[in-house]
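Colleague: Need the 3D shape of this:
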Amino acid sequence: MNRLAALTAATALAAGALSIAQPVSATAHPRCAGYVGLTYDDGPTAGNTAALLDALERAGLRATMFNTGQNVEANPDLARAQVRAGMWLANHSWDHPFMTQLPEAEQISQITRTQDVIRKVTGVTPTLFRPPYLDTNDALRAVQKSLGLTEINTDVDSRDWDNATVDEIVAAVSRLNDGDVILMHDWPPNTVAAVPRIAADLRARNLCSGKISPVTGRAVAPNARALDGVHTVGRLQDRDSGVRYTWPGVYFEARFRGTSVGIVLDDTVNDYEIRIDNGSPINLVTPGRQTYWVRDLSATTHSVRVAKRTESPWTPGQFGGFVAGTGGALLTKPAARHRQIEFIGDSWTAGYGNTSTVRDCTTTGGIDRNSNADQTFGALTARGLNADYQLNAWSGMGMVRNYNGSSPDVNYRTYYDRTLQAADPATWQKPRNWNPQVVVIGLGINDFSTPVNPGERWPDEAALAADYQAAYLAFLEKLRDRYGPRTHFVLTYPYMWNTTALAESVEQVVSDRNAAGDKRVTSLYYDNNALGLDLLGCDWHPSAHDHQALSGALTTFIDTLPLRW
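Modeller: Numbers count the residues shown, from 1 in each chain. Next comes the predicted model:
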C-alpha cells in the first residue's frame with residue numbers, strides 16, 4: 001500500500017461517500033444494529049487465503065475479497081473456496097499497477113481481464129472495483145462506471161500492509177461505524193491472527209459483517225435487496241442490493257409508514273421525478289451517489305413513486321431501494337396491476353423535450369432538462385387506465401433507418417431485446433408476470449422524416465418503404481411469439497408533412513397481418529390538426545399539451561378494443 005495514495009483517496013472519500021445515509025434493510029438480523037464491510041485485498045494466494053478463510057468461517061464473519069486477476073488465474077481452487085466460504089468477490093485489477101498511470105486502453109484491459117477470469121473460474125461477476133494503492137481519479141472512475149463497476153476505497157485503513165500489529169488492526173476495526181468499510185489484506189499473518197478479536201469487537205457493539213452495496217458503496221445486510229418492498233415492471237439488471245437500467249420511464253413504487261423516506265440512487269446522468277401520495281412532483285436532477293430524503297411528512301402511511309425522466313441508452317442508472325426514516329418502516333410492496341401496456345417507439349414515446357415551451361431549448365437547459373418520460377402520452381395513458389407499463393423507446397431510432405440515415409449498421413430492432421440498450425448486449429429475459437394485453441408501437445418517423453441520402457442502401461423511398469414493411473412484419477411476428485395470440489398491437493403514426501410513405505406502409509402492414517389471420521393488429525393515426533398539436537417541445541417535438549392530447553386519443557382508441565382486462 002502506497003501511503004500517499006491511500007491518504008489521498010481516503011480524503012476524497014471522506015468528502016463524498018461518508019455523507020451518504022445508510023439504508024436500513026427490511027431483512028436485517030434482529031441483533032445487528034448496523035453492518036460493516038470487511039475487505040481483504042490481493043488474494044487469492046497459496047499459503048495465505050486458506051488460513052484467512054478458516055479464521056473468518058470460525059468467527060462467523062463474511063468479507064469482500066478484492067482479488068487480482070493473475071492470482072485468480074494462478075489459484076482457481078482458492079477463488080472457488082472463497083465463494084464456498086460465503087465471501088463476496090470483487091475486482092482489484094489484473095496485476096496491481098498504479099491505474100492512473102496507465103492509458104485508458106490498459107485500464108480497461110486490467111479490469112476486464114480480471115472480470116473475465118473471476119467469472120470463468122467462479123461463475124461470479126463482480127460489481128465492485130478497488131484501485132490498487134487506492135490510486136484513482138475521475139477518468140479512472142469513468143472507465144469503471146462504463147464497465148458496470150462501482151469504485152470502493154475505504155473509510156478506515158487497518159495499515160496491515162505496513163506491519164500493523166494485531167492490537168493496531170483491532171483498534172482500527174473499533175473505529176468502524178454502521179456502513180463503513182475497512183481495508184485489510186489477504187497476506188499479512190497479523191491480519192489472520194486478528195480475526196477472532198475483530199469478531200469479538202463487532203459483537204460487543206452489535207455490528208455485523210455485511211456486503212457492500214454497488215449503489216451506495218456502503219455496507220448493508222447480506223440479504224438486503226434493492227427491490228424488497230418495491231413494485232416495478234421495468235427492464236432491470238438486478239444485482240440484489242442494486243438494480244441498473246437505461247430505458248426511459250422506469251419506475252419504482254413502495255409504501256411506508258413514518259415521516260420520511262429515502263431514495264437510494266447512484267446516477268450522474270439521469271433526472272428523476274418523485275411523488276409522495278400522488279402529490280406534486282419533486283424533480284431530482286442527476287443526483288449522483290446519494291440517499292435523497294423526503295422529510296416532514298405526516299406520521300401515517302404513505303406511498304412513494306420515483307420515475308426516470310430521461311434517456312441514457314449508453315449509461316445505466318442505479319437504484320438501491322427505499323429507506324424508511326427513524327421510527328418508520330417499509331411496508332409490503334404495492335400490488336401489481338392486472339392491466340399491462342408496453343410502449344415501443346422513438347423520441348415521441350420517450351418524451352424528448354416534452355416539457356419545453358419553445359422549440360429551441362438550447363438556452364433553457366437542453367434536451368435532458370426538458371424531457372420527462374413520466375409525462376408522456378404512454379405514461380399518462382397507462383396511469384389513466386390503472387395499468388403497469390414499460391416505455392421501451394429510443395430517440396432517433398427507426399425500424400430500418402435512423403434519423404437522416406445515421407448509424408446505418410444499427411436500428412431500433414438491434415437493441416429492443418436488450419436489458420440495458422447500448423450499455424450491455426445481454427438479452428432481457430421476459431419475466432413470467434409481464435404479459436401486456438396491449439402493445440403500442442410508434443416506429444417510422446425517423447425512417448421517413450428525411451430523404452434517402454446518396455450512399456444509403458435504398459435507391460429511393462419506395463425501396464425504403466418495402467424494407468420497412470418487411471422488417472415491421474418480422475418484428476410483429478417476434479412480438480406475437482413472445483406475448484401470445486391475445487395481445488393487441490396498436491400501430492401508431494402521425495401526420496408527416498413531407499411524405500405519405502409512413503402512413504401507407506403502416507396500413508399495409510396491418511392489412512397483411514389481418515389477411516394472415518391476425519385480427520388483433522390495428523392502426524391509429526394521430527391527426528395533428530384534429531388533435532391541436534402545437535409541437536412546441538424541443539426540436540419540433542410534442543409538448544406537454546400534445547402528450548395530453550395524444551394520450552386522450554390513444555385512451556379512446558384502446559377503449560374500443562375487445563379487451564378482457
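Colleague: make it CA atoms for all contacts and neighbour counts henceforth
Modeller: Fine.
Colleague: Residue 449 is in contact with residue 496, correct?
Modeller: Yes: look at residue 496 against residue 449 with Cα atoms under 8 Å: they come within range, at 7.3 Å.
Colleague: Residue 315: which element?
Modeller: Using DSSP states H and E, residue 315 sits in no helix or strand.
Colleague: And for residue 296?
Modeller: Here residue 296 is assigned to no helix or strand, by DSSP H and E.
Colleague: okay, now it: neighbour count?
Modeller: 10 (other Cα atoms under 10 Å).
Colleague: Tell me how many other residues crowd the closest residue to it other than its chain neighbours.
Modeller: Counting by Cα to Cα, 6 or more residues apart in numbering, the nearest residue to residue 296 once its immediate chain neighbours are dropped is residue 259, at 5.6 Å. Neighbour count for residue 259, taken as other Cα under 10 Å: 20.
Colleague: With residue 560 as the reference, measure out to residue 259.
Modeller: Using Cα to Cα, to the nearest Å, we find residue 259 at a distance of 43 Å from residue 560.
Colleague: Check residue 365 too.
Modeller: 40 Å.
Colleague: what about the two, which has more around it?
Modeller: Using other Cα under 10 Å, the more surrounded residue of residue 365 and residue 560 is residue 365, with 11 against 8.
Colleague: Quick check: phi and psi on that one?
Modeller: phi 110, psi -10 (degrees, to the nearest 10).
Colleague: With residue 240 instead?
Modeller: Dihedral angles for residue 240 - degrees, to the nearest 10 - are phi 70, psi -80.
Colleague: Could you do residue 185 as well?
Modeller: phi -130, psi 160.
Colleague: State the number of residues packed around residue 529.
Modeller: Residue 529, neighbours per other Cα under 10 Å, totals 9.
Colleague: thinking again about what came up before, hang on, the residue nearest to residue 296 packs against residue 303?
Modeller: No: using Cα under 8 Å, residue 259 is not in contact with residue 303, being 11.7 Å away.
Colleague: Run through the residues that contact the residue nearest to residue 296.
Modeller: 295, 296, 297, 298, 299, 300, 325, 328 (Cα atoms under 8 Å, 6 or more residues apart in numbering).
Colleague: Let me see the residues that make contact with the helix or strand harbouring residue 142.
Modeller: In the assignment (DSSP H and E), residue 142 maps to helix 138-146. For helix 138-146, the external contacting residues (Cα under 8 Å, 6+ apart) are 99, 100, 104, 107, 108, 111, 129, 150, 151, 315, 423.
Colleague: For residue 241, see how far away residue 272 is.
Modeller: For residue 272, the distance to residue 241 (Cα to Cα) stands at 20 Å.
Colleague: again but with residue 159, I slipped
Modeller: With the distance defined as Cα to Cα, residue 159 ends up 29 Å from residue 241.
Colleague: Between those two, tell me which one has more neighbours.
Modeller: residue 241 (24 against 20).
Colleague: Residue 39: neighbouring residues, count only.
Modeller: The tally of other residues near residue 39 (other Cα under 10 Å) stands at 25.
Colleague: how near is residue 467 to residue 494?
Modeller: Residue 467 is 20 Å from residue 494, by Cα to Cα.
Colleague: low pLDDT regions in this structure?
Modeller: Confidence mapping of the chain against pLDDT under 70 gives the ranges 1-30.
Colleague: longest helix anywhere in it?
Modeller: Counting by DSSP state H, the longest helix found in the chain is helix 461-483.
Colleague: and that one, which residues are buried?
Modeller: Neighbour-count burial for helix 461-483 flags 461, 464, 465, 467, 468, 469, 471, 472, 473, 476, 480, 483 (criterion: 16 or more other Cα atoms under 10 Å).
Colleague: okay but the second one is in contact with residue 458, surely?
Modeller: Just to be clear, that refers to residue 464. Yes: judged on Cα under 8 Å, residue 464 makes contact with residue 458 at a distance of 5.6 Å.
Colleague: next structured bit after whichever strand or helix holds residue 83?
Modeller: Using DSSP H and E, the element containing residue 83 is helix 76-84. Remark: after helix 76-84, the chain's next helix or strand is strand 88-91, criterion DSSP H and E.
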